[in-house]
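*Asks:* quick one: sequence and predicted model below, then my questions.
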Amino acid sequence: MQLKDYARILWKRGWIIIVLAILAAGSAYVFSKLQTPIFKSTVTLSTVPSRPSDYGQTLAIKNLLRLYVQQMQSPMLTQQVIDKLQLDVTPQKFVSQIYFNADESTLTITLEARHPLPDVAAKMARTLAEVFVSYHNQENLQIDQRDRVLVNIINATSPEIFSPKTSVNTLAGAVLGALLGLVIIFVLEWLESDIIRAADDLERVIGVTVLGAIPTMTERASAPARAPMHPRKVCPHCGNPI
């Protein structure tokens, strides 16, 4: 197919793309608005060796990051957070709302709390970080100062919307609707590819210019009728018209 054929198809059935894109975008928008918004808040902890120049201690901290995450997920610490915030949840439910990321390249741990209430999300992440730092400092008291690992809170973000992303969902719905409309258009064209309705279709199929066409019975019936010709009167004696 040539470019002009695609343009002809889009001009003929382009309304299908527009309608489906609008319907899909509207559905995605309504679906997003019906969802309960979830907010997120993050806190970043840094782990610093007491001897920064000691490569062995730095390497040991990389292995300890996972241990620290497990400690923050333990019921012993999470229950303290639940009690401080007076949350009506179990430690298991609380942990399911916290997402951890241990980055060995920067020796940091990021806590991301998600909750329908923005203030609660911020307090969950911040309080858990503070409880862990306090617990870790108590543990450090039993270790020689040269072997201690210092843990500090270095960043805490304000709550922001996590889901739903209404604008993103609406745009994605419009794109998917348009793609679906495009597929439907070419399916319809494929189904009708063998049907010849006009001279242009015939020329496109056989590659020869059509010079004329036989009118159909409908066209003949709809053609204006000719007025009947009345015979001219002639003189019976000489044959000349009267």
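*Replies:* Received it, and whenever you're ready, just let me know what you need. Everything quoted here is computed from the prediction, not taken from an experiment.
*Asks:* mind listing what's buried along stretch 25-44?
*Replies:* A25, A28, Y29, S32, I38, F39, K40, S41, T42, V43, T44 (16 or more other CB atoms under 10 Å). Where C-beta positions appear, they are placed from N, C-alpha and C, glycine not excepted.
*Asks:* just stretch 74-93 next, same as before
*Replies:* L77, T78, Q80, V81, I82, L87, P91.
*Asks:* and S105, that's in a strand?
*Replies:* No: according to DSSP: H, G, I helix; E, B strand; the rest coil, the state of S105 is coil, so it is not within a strand.
*Asks:* for it, grab the count of nearby residues.
*Replies:* S105 is flanked by 6 other residues according to other CB atoms under 10 Å.
*Asks:* so it versus A21, what's the distance?
*Replies:* 43 Å (CB to CB, to the nearest Å).
*Asks:* what do you get for K62?
*Replies:* Plainly put, K62 is 49 Å away from A21 if you go by CB to CB.
*Asks:* longest helix in this structure, please.
*Replies:* helix 3-34 (DSSP state H).
*Asks:* next helix or strand past that helix?
*Replies:* Moving toward the C-terminus from helix 3-34, the next helix or strand (DSSP states H and E) is strand 38-49.
*Asks:* may I have that following strand exported as PDB, CA atoms only?
*Replies:* Only the C-alpha atoms of strand 38-49 are listed here, as PDB (Å, rounded to 0.1, in the frame of the first residue of the first chain):
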ATOM      1  CA  ILE A  38      -1.900   6.400  48.500                       C
ATOM      2  CA  PHE A  39       0.900   8.800  49.700                       C
ATOM      3  CA  LYS A  40       4.500   7.900  50.200                       C
ATOM      4  CA  SER A  41       7.300   9.400  52.400                       C
ATOM      5  CA  THR A  42      10.900   8.300  52.400                       C
ATOM      6  CA  VAL A  43      13.700   8.500  54.900                       C
ATOM      7  CA  THR A  44      17.400   7.800  54.100                       C
ATOM      8  CA  LEU A  45      19.900   6.400  56.600                       C
ATOM      9  CA  SER A  46      23.600   6.500  56.100                       C
ATOM     10  CA  THR A  47      26.000   3.900  57.500                       C
ATOM     11  CA  VAL A  48      29.500   5.200  58.200                       C
ATOM     12  CA  PRO A  49      32.500   3.100  59.500                       C
END
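*Asks:* and that strand, what's its mean pLDDT?
*Replies:* Average pLDDT, strand 38-49: 93.
*Asks:* what do you get for stretch 162-169?
*Replies:* For stretch 162-169, the mean per-residue pLDDT is 87.
*Asks:* for it, buried residues please.
*Replies:* Under 16+ other CB under 10 Å, the buried positions of stretch 162-169 are F162, P164, T166, N169.
*Asks:* for the last one, give its distance to V30.
*Replies:* Using CB to CB, N169 is found at 10 Å from V30.
*Asks:* report the contact partners of the spatially most central residue of the chain.
*Replies:* The chain has A172 as the residue nearest its centroid, 4.4 Å off, counting by CA atoms, centre = their mean. The contact partners of A172, by CB atoms under 8 Å, 6 or more residues apart in numbering, come to A28.
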